[in-house]
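Student: Generate a structure from the sequence data that follows.
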Amino acid sequence: MSESQKTAVSTSKAPAAIGPYSQAVRIGNLLYTSGQVALDPASGQMVTGGITEQTVQVLENLKAILEAAGSNLGRVVKTLVFLKNIGDFAAMNAVYGQYLAPEGAVAPARSTVEVARLPKDALVEIEVIAEL
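Tutor: Next comes the predicted model:
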């Protein structure tokens with residue numbers, strides 16, 4: 001494969017794309033994921049619970065996509081977090097830190113914004129850029 005060739009990445013261990021987009025796209029040594037919400041990949045339904053449970057599922061979905069591409073959460077260089085309510089920041093951040101910034105790791109760069117609404121009325125959506 002040429003380093004400049006764009007390639008789709010997908011896995012059944014994360015929610016299937018339901019539209020004209022890929023779960024992730026690889027180009028060169030970088031992987032760009034689509035935003036993930038808290039859909040259970042087996043049932044296609046949103047997980048029950050609040051921001052903590054949703055953030056866990058979102059990060060598990062991202063972890064599965066990264067692994068399908070031959071990467072992992074430790075290779076994430078940038079994240080973009082969308083919150084339905086910025087008041088959920090602390091709870092989201094606690095889970096996020098466990099997955100993306102464990103002690104001794106270099107945390108990825110991040111932007112976090114509050115949005116009016118997310119797909120499936122999710123509380124959180126996260127996308128990442130990672131090295132392969």
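Student: Please count neighbours and contacts with C-alpha atoms only from this point.
Tutor: OK.
Student: residue ranges for the helices of the protein, please.
Tutor: Counting by DSSP state H, the chain has helices at residues 51-68, 89-100.
Student: Just say which of these is most tucked in.
Tutor: Highest mean neighbour count among those (mean count of other Cα atoms under 10 Å): helix 51-68, with a mean of 22.
Student: low-confidence ranges in this structure?
Tutor: 1-3 (pLDDT under 70).
Student: picking up where we left off before, can you say which of the helices of the chain is nearest to residue 124?
Tutor: Nearest to residue 124 among the helices of the chain is helix 51-68; the distance by Cα to Cα comes to 6.6 Å.
Student: Provide the contact partners of that closest one at residue level.
Tutor: Helix 51-68 has contacts (Cα atoms under 8 Å, 6 or more residues apart in numbering) with 9-11, 13-15, 23-24, 31, 33, 36-41, 47-48, 72-73, 88, 91-92, 95-96, 99, 122-128, 130.
Student: how about 7 Å then?
Tutor: Contacts to helix 51-68, defined as Cα atoms under 7 Å, 6 or more residues apart in numbering, come from residues 10-11, 13-14, 36-38, 47, 72-73, 88, 91-92, 95, 123-126.
Student: So which of the residues you listed sit within strands?
Tutor: Counting by DSSP state E, the contacts of helix 51-68 place 124, 125, 126 in strands.
Student: now, among those residues, which is nearest to residue 81?
Tutor: Nearest to residue 81 among the ones in strands among the contacts of helix 51-68, counting by Cα to Cα, is residue 126 at 4.6 Å.
Student: contacting residues around the closest one?
Tutor: Going by Cα under 7 Å, 6+ apart, residue 126 touches 35, 36, 37, 58, 79, 80, 81, 82.
Student: can you pick the most crowded of the residues you listed?
Tutor: Among those, residue 37 has the most neighbours (other Cα atoms under 10 Å), with 27 neighbours.
Student: Hmm, it is touching residue 127, no?
Tutor: No. Using Cα atoms under 7 Å, residue 37 makes no contact with residue 127, being 9.3 Å away.
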